[in-house]
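Student: Model the structure of this input:
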Amino acid sequence: MDFKTLYEKVSPRLRKIALRYRGCGYFIDSDDLYQEMCMHLWERFKNGMPEGVNEAYVIKGCEFYILNFLRKTRDKAMVLSLDNPFNEDSDTLKDILPDTGESLERNLDRKMLLDKIRNNGLSRREREVFLLLLKGYTLREIGKELGISHVMVNKLKKRIIKKWQKKLEVTK
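Tutor: You can find the predicted model right below:
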């Protein structure tokens, strides 16, 4: 069996598994889990998957891999509280983060969302446009900066919005 056929057979089940375990890692969503399982599947296939294994065996192997992946990731994650001291001087995050007039939690949520958008799912060009939009550049200024038309910048902006509207609707 070739990889494409195997992938098409097991892919729907891997997506369901990824949905089941989403939220088990601190900053890992179901798309990340699905991609990890697909990469594991490819590695197994590339290194010579044993002959005669059935789909259930392959799927269970991917599920065990992702559970181990989550366990390792969870062990490395560091969770900080806004109120708990993090050093010997008893400083808290609330003490050192700047006051912007909005609630600290809302400010952190906004910064984490911007960071997540910037680092996940955008092409290199979309990321460049996104960063310039954050700095307040107009479409024409971005086009001039990147050497592309403002119409192309507008298309890239719409793609960014479309990608992240889907992800934000899932998290609501």
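Student: element containing residue 56, please.
Tutor: Taking DSSP states H and E as the definition, one finds residue 56 inside helix 55-76.
Student: For that helix, name the packing helices and strands.
Tutor: In this structure, helix 55-76 makes packing contacts with helix 3-21, helix 30-46, judged by 3 or more Cβ pairs under 8 Å, 6 or more residues apart in numbering; DSSP states H and E. (C-beta placed from N, C-alpha, C; glycine too.)
Student: Out of these, which is the most enclosed?
Tutor: Most buried of the helices and strands packed on helix 55-76, by mean neighbour count (mean count of other Cβ atoms under 10 Å): helix 30-46, with a mean of 17.
Student: tell me the angle that helix makes with helix 3-21.
Tutor: Relative orientation of helix 30-46 and helix 3-21, computed by axes from the mean of the first three to the mean of the last three Cα atoms, to 10 degrees: 140 degrees.
Student: Averaged pLDDT, helix 30-46. What do you get?
Tutor: Here helix 30-46 scores 85 as its mean pLDDT.
Student: From residue 52, how far off is residue 70?
Tutor: 29 Å (Cβ to Cβ, to the nearest Å).
Student: Same question for residue 140.
Tutor: Separation of residue 140 from residue 52 (Cβ to Cβ): 61 Å.
Student: just residue 157 next, same as before
Tutor: Taking Cβ to Cβ, one finds residue 157 at 51 Å from residue 52.
Student: So these two - more neighbours on which side?
Tutor: In this view residue 157 and residue 52 are compared by other Cβ atoms under 10 Å, and residue 157 has more residues nearby, 16 against 6.
Student: wait, what's in contact with that one?
Tutor: Applying Cβ atoms under 8 Å, 6 or more residues apart in numbering to residue 157 gives the contacts 129, 133, 139.
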